[in-house]
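Undergrad: quick one, fold the following:
(2 chains)
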There are 2 protein chains.
Amino acid sequence: MDEFLDAAVAEAAAGLQEGGIPVGSVLVHEGKIIGRGHNLRVQRGSAILHGEMDALENAGRLPATVYSQSVLYTTLSPCAMCSGAILLYGIRHVVVGENVTFRGEETLLRERGVRVDVVQDPRCIEMMRQFIAANPTLWNEDIGV
Amino acid sequence: MDEFLDAAVAEAAAGLQEGGIPVGSVLVHEGKIIGRGHNLRVQRGSAILHGEMDALENAGRLPATVYSQSVLYTTLSPCAMCSGAILLYGIRHVVVGENVTFRGEETLLRERGVRVDVVQDPRCIEMMRQFIAANPTLWNEDIGV
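TA: Predicted structure coming up:
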């Protein structure tokens, strides 16, 4: 088990506890978590705070050199918005918990030179599977469907 | 002159007044502004609140049908993050104030079927030109350079 993926899973679980969509993320620089977050659509009525976006926001304003040496961990395959943020900031490596329940812009990321590792973590898959089955409308809203 | 582009320019000017990066945006649905915003990197120490993102956030949680019938106005060509948000939500039409000082992901947007109109508004160009000349480091931070 990867401690950083574990931290992203813990963020997702915290979001679920709050009544939110269970996607979590951490930004890791030189072996340390510098930002962590989870989806806040429900909790804050937010259209932009996906897990990855919240982790980037909580990491604060950073120079490009930090992003380029960082790894973003996320429990779910990043959507177009979060993938765009990854590209904007030149993050070169993304570790994805799973892409079974949703597949984002992995192809675009790889085309642009980002390393994308999909680990198919059973915890991530199960959390999303149950959530989507119980909240299909909310989930569709989160991915613009 | 387009009243919606004018509203986006007013947002950019408000951001500049606050000491921020002068990029503004409005989301327009059926001829009415339903969200407006501007870049808040400086004001809120935000890594994700570009003008377009702030407008989407201020529009609140919306069903996909609203986004698909909306037009996003932005004073500056949308970066990868903001373009990703446009793709996530299926916004089909973007009006861009200018792409002289910065050119974002217009090609990607068009490849995905989004109509992108670039109007090269002299107010937008001049505001960004002056801002970038006076604040090159801050501007680079905003675009991940």
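
Undergrad: my read: A:Ala12 touches A:Gly37, true?
TA: No. Taking contacts as C-beta atoms under 8 Å, A:Ala12 lies outside contact range of A:Gly37: 10.2 Å. Every C-beta, even on glycine, is put in place using the N, C-alpha and C of the backbone.

Undergrad: overlap in contacts of these two?
TA: A:Gly24, A:Gly51 (C-beta atoms under 8 Å, 6 or more residues apart in numbering or on different chains).

Undergrad: so what's the residue count around the residue lying closest to A:Glu18 once chain neighbours are set aside?
TA: Distances taken as C-beta to C-beta, 6 or more residues apart in numbering or on different chains place A:Gln43 nearest to A:Glu18, at 5.2 Å, with adjacent residues excluded. As a burial measure, A:Gln43 scores 14 neighbours (other C-beta atoms under 10 Å in any protein chain shown).

Undergrad: residues in contact with the residue of chain A found nearest chain B?
TA: Among all residues of chain A, A:Gly84 sits closest to chain B, at 2.3 Å; criterion: C-beta to the nearest C-beta. Residues near A:Gly84 by C-beta under 8 Å, 6+ apart: A:Glu105, B:Cys79, B:Ala80, B:Met81, B:Cys82, B:Ser83, B:Gly84, B:Ala85, B:Leu87, B:Glu105.

Undergrad: now the residues you listed: which count as buried?
TA: A:Glu105, B:Cys79, B:Ala80, B:Met81, B:Cys82, B:Ser83, B:Gly84, B:Ala85, B:Leu87, B:Glu105 (16 or more other C-beta atoms under 10 Å in any protein chain shown).

Undergrad: which residue packs closest to the fifth one, ignoring adjacent ones?
TA: Here the nearest residue to B:Cys82 in space, its sequence neighbours aside, is B:Glu52; by C-beta to C-beta, 6+ apart that works out to 3.9 Å.

Undergrad: hmm, that neighbour is touching B:Pro78, no?
TA: Yes. Between B:Glu52 and B:Pro78 there is a contact under C-beta under 8 Å: 5.6 Å.

Undergrad: any idea how far stretch A:136-145 is from the middle of the chain?
TA: 16 Å (C-alpha atoms, centre = their mean, to the nearest Å).

Undergrad: so which bits of that stretch are buried?
TA: The neighbour-count check on stretch A:136-145 (16+ other C-beta under 10 Å) flags A:Trp139, A:Glu141, A:Asp142, A:Ile143, A:Gly144 as buried.

Undergrad: partners of whichever strand or helix holds A:Ser25 in the sheet?
TA: Assigned by DSSP states H and E, A:Ser25 belongs to strand A:24-29. Using DSSP bridges, the neighbouring strands of strand A:24-29 in the sheet come out as strand A:32-38 (antiparallel), strand A:70-74 (antiparallel).

Undergrad: I am finished for the moment; much appreciated.
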